[in-house]
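In: Provided below are the primary sequence and the corresponding predicted coordinates.
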Amino acid sequence: MTQGFSLMPIRLGISSCLLGEQVRFDGGHKRDTFINEALGRFFEFIPVCPEVAIGLGIPRQPIRLVGNPAAPRAVGVRDPDLDVSDALGNYGMRMGRKLGDISGYIFKKGSPSCGMERVKVYQKGQPGKGGTGLYARAFMDQQPLLPAEEEGRLGDPVLRENFIERVFAYRRWQELQARGLSAARLVDFHTIHKLNLMAHGTDHYRALGRIVAQAGAKALRQRGELYITGFMTALKHRATRKRHTNVLMHIMGYLKKSLDHDDKTELLDVIEAYRLCQVPLIVPITLLKHHFRHHPDAYMARQVYLNPYPPELILRNCI
């Protein structure tokens, strides 16, 4: 396995309105510029509008969530007798099974059908935030490991980078699965993601290492499921500046015999500048990659951390 990027398009599920499709209750859309113009260059979007799919027209009466936030109902705003709760949930389950080859999903923030969290739920006519869109909940129940995010949260550079990192990591796992899981491939997958895991927490790396150590035992399929569950859970934890700094110092250790005093001093200064929030992560990463071009290291050449996704996404310029 290499850190190279597949020539096949990476497919993402997405709320149709975010692509500019006029499927909103009022006949409008919520086209998102970043998604269409930046992410659209790298992903194939699979648009879904669950409300239209279950037979609600365009335009249509808007719906909202009511009742218990843990188990709300989706009903018409003007006509509460319009109850589409079961239809949305059933459609989410069907699509969760149908779209088994996608590598991520971007949901519409705040939608009673597609919102991931903090969706308004009305109780006695008063709104409170604590619900999840019924389609989104059913879909995510079918694919609990799938990287998912709301378009509103993608405006946060840290959350945006985290989501894209998870998408590409999940795609690498899907490609491994397509080739066939083996003990050797599981060990290799873990090895090339070592630094990524360290940036999200060393405890996760150690726990996953223990799973990999038993990869040669029987029940490899169950071992793989246990591993990827822990792996995707680990990547959900935000990588912090402190952890990134520790990883950068760890990487520098592979150059200690190759760099002269001045180069080491410069590299330490750049890493410290990153730690102090004076430069973005791309700066020390770029300098490290420059040194590895002149002083190649076979182990570091395969570490996904240095190239987790296409550099054209420029995500590390902002964190």
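Out: Arrived safely.

In: Could you say which helix or strand holds the nearest residue to H295 once chain neighbours are set aside?
Out: Spatial nearest neighbour of H295, chain neighbours left out: S258 (3.8 Å); criterion: C-beta to C-beta, 6 or more residues apart in numbering. Bear in mind the C-beta positions are built from the backbone N, C-alpha and C, glycine included. Counting by DSSP states H and E, no helix or strand carries S258.

In: mind starting the numbering at 39 from now?
Out: That works, and once the first residue is 39, the last one we named lands at S296.

In: ok, S296 - contacts?
Out: By C-beta atoms under 8 Å, 6 or more residues apart in numbering, the contact list for S296 reads H329, H332, H333.

In: Distance check, the spatially closest residue to L353 that is not a sequence neighbour against I101.
Out: Once flanking residues are discounted, L353 sits nearest to E199: 4.3 Å by C-beta to C-beta, 6+ apart. Distance, E199 to I101, using C-beta to C-beta, to the nearest Å: 33 Å.

In: Specify which residue of the two has the higher count of neighbours.
Out: Legend: neighbour count by other C-beta atoms under 10 Å for E199 and I101, higher for I101 (26 against 22).

In: Contacts only, for that one.
Out: When contacts are counted by C-beta under 8 Å, 6+ apart, I101 touches F63, E89, L94, A112, V113, G114, V115, L120, V122, P150, S151.

In: quick one: low-confidence ranges for the stretch 239-357 of the chain?
Out: Applying pLDDT under 70 to the stretch 239-357 of the chain flags residues 255-256.

In: Please enumerate the helices of it.
Out: 240-251, 258-274, 279-290, 299-313, 320-332, 336-339 (DSSP state H, counting those that start in this stretch).

In: wait, is R102 part of a strand?
Out: Yes. Counting by DSSP: H, G, I helix; E, B strand; the rest coil, R102 is located in a strand.

In: Quick one: neighbours of it, just the number.
Out: Number of residues near R102 (other C-beta under 10 Å) recorded here: 18.

In: Surely it and D117 touch.
Out: No. Using C-beta atoms under 8 Å as the test, R102 is too far from D117 to be in contact (11.6 Å).

In: quick one on the thing from earlier: how about the helices of the stretch 239-357 of the chain, which one is nearest L184?
Out: Smallest distance to L184 across these (C-beta to C-beta): 8.4 Å, for helix 258-274.

In: In PDB, list the C-alpha atoms belonging to that closest one.
Out: Only the C-alpha atoms of helix 258-274 are listed here, as PDB (Å, rounded to 0.1, in the frame of the first residue of the first chain):
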ATOM      1  CA  LEU A 258      -9.100 -11.900  10.900                       C
ATOM      2  CA  ARG A 259     -12.300 -10.400   9.700                       C
ATOM      3  CA  GLN A 260     -13.400  -9.600  13.200                       C
ATOM      4  CA  ARG A 261     -10.000  -8.200  14.000                       C
ATOM      5  CA  GLY A 262     -10.200  -5.900  11.000                       C
ATOM      6  CA  GLU A 263     -13.600  -4.700  12.000                       C
ATOM      7  CA  LEU A 264     -12.400  -4.000  15.500                       C
ATOM      8  CA  TYR A 265      -9.400  -2.200  14.000                       C
ATOM      9  CA  ILE A 266     -11.200   0.100  11.600                       C
ATOM     10  CA  THR A 267     -13.800   1.000  14.300                       C
ATOM     11  CA  GLY A 268     -11.000   2.100  16.600                       C
ATOM     12  CA  PHE A 269      -9.100   3.800  13.700                       C
ATOM     13  CA  MET A 270     -12.000   6.000  12.500                       C
ATOM     14  CA  THR A 271     -13.000   6.800  16.100                       C
ATOM     15  CA  ALA A 272      -9.400   7.900  16.700                       C
ATOM     16  CA  LEU A 273      -9.400  10.200  13.700                       C
ATOM     17  CA  LYS A 274     -12.600  11.900  14.900                       C
END
